[in-house]
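**Student:** structure of the sequence below:
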Amino acid sequence: MTTKEDCYLLGSIVRLHGFKGEVSILLDVTSPEEYKKLESVFVEIGNQLVPFFIEKIQLTNKNFARVKFEGVDTEEEAKSILQNALFLPLENLPQLSGTSFYDHEVIDFNVLDILHGAIGKVVQIVDLPNNPLIEIDFNGIEILVPLKKDTVTKVDRENKELHIQTPEGLIDLYLTPDNSDKDS
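**Tutor:** Prediction:
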């Protein structure tokens with residue numbers, strides 16, 4: 001049985017498309033065109049991942065695709081799977097190298113800054129449009145680092161380390177005690 005731990009989030013089924021069982025899916029991925037020949041997905045129904053085979057998939061605009069699943073032939077059948085998450089097995093992901101990484105793979109990696117050394121562990125990658133962030137936990141202190149082109153200098157998968165170079169003064173803002181309470 002395939003579990004969510006063995007998979008990565010591909011996206012979700014967001015709305016009906018027509019009345020013959022087709023749906024629109026939102027692909028939560030960087031390169032949707034890599035999924036234009038997708039043959040099957042797992043749909044999360046309740047707490048289980050259920051395999052669905054794809055009859056037809058057509059990329060539409062941005063990160064959306066129009067999909068016809070086998071066995072989903074009516075509007076009512078399509079409504080029953082709306083708003084459910086879509087998953088694919090982790091083994092489908094190509095191995096990345098260098099400073100490239102998948103957001104999910106660096107969770108719990110130790111973060112080493114060029115100037116400050118160890119500054120905590122990756123909690124998550126916050127995928128904000130035009131400004132993704134690395135959320136780091138440093139002994140209960142949340143540190144947010146912009147994930148720009150040159151921020152990550154090394155991904156050490158073997159030792160579970162993410163090496164970064166942050167803008168000057170950014171880490172100090174988080175680690176310096178607040179001086180506003182002192183008397184003048």
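**Student:** so which helix or strand takes in Ser97?
**Tutor:** In this assignment (DSSP states H and E), Ser97 forms part of neither any helix nor any strand.
**Student:** which elements pack onto the longest strand along the chain?
**Tutor:** In the chain, assigned by DSSP state E, the strand with the most residues is strand 48-59. When contacts are defined as 3 or more C-beta pairs under 8 Å, 6 or more residues apart in numbering; DSSP states H and E, strand 48-59 packs onto strand 40-45, strand 64-69. To be clear about C-beta, it is placed using only N, CA and C from the backbone, and glycine gets the same treatment.
**Student:** out of those, deepest packed?
**Tutor:** Scoring the helices and strands packed on strand 48-59 by mean neighbour count under mean count of other C-beta atoms under 10 Å gives strand 64-69 as the most buried, with a mean of 20.
**Student:** and that one, how far from the chain's centre?
**Tutor:** On the basis of C-alpha atoms, centre = their mean, to the nearest Å, strand 64-69 sits 20 Å off its chain's mean C-alpha point.
**Student:** can you give the contact residues for that strand?
**Tutor:** Contacts with strand 64-69, where a contact means C-beta atoms under 8 Å, 6 or more residues apart in numbering, come from 13-14, 17, 20-27, 32, 35-36, 52-60, 81.
**Student:** perfect, that will be all.
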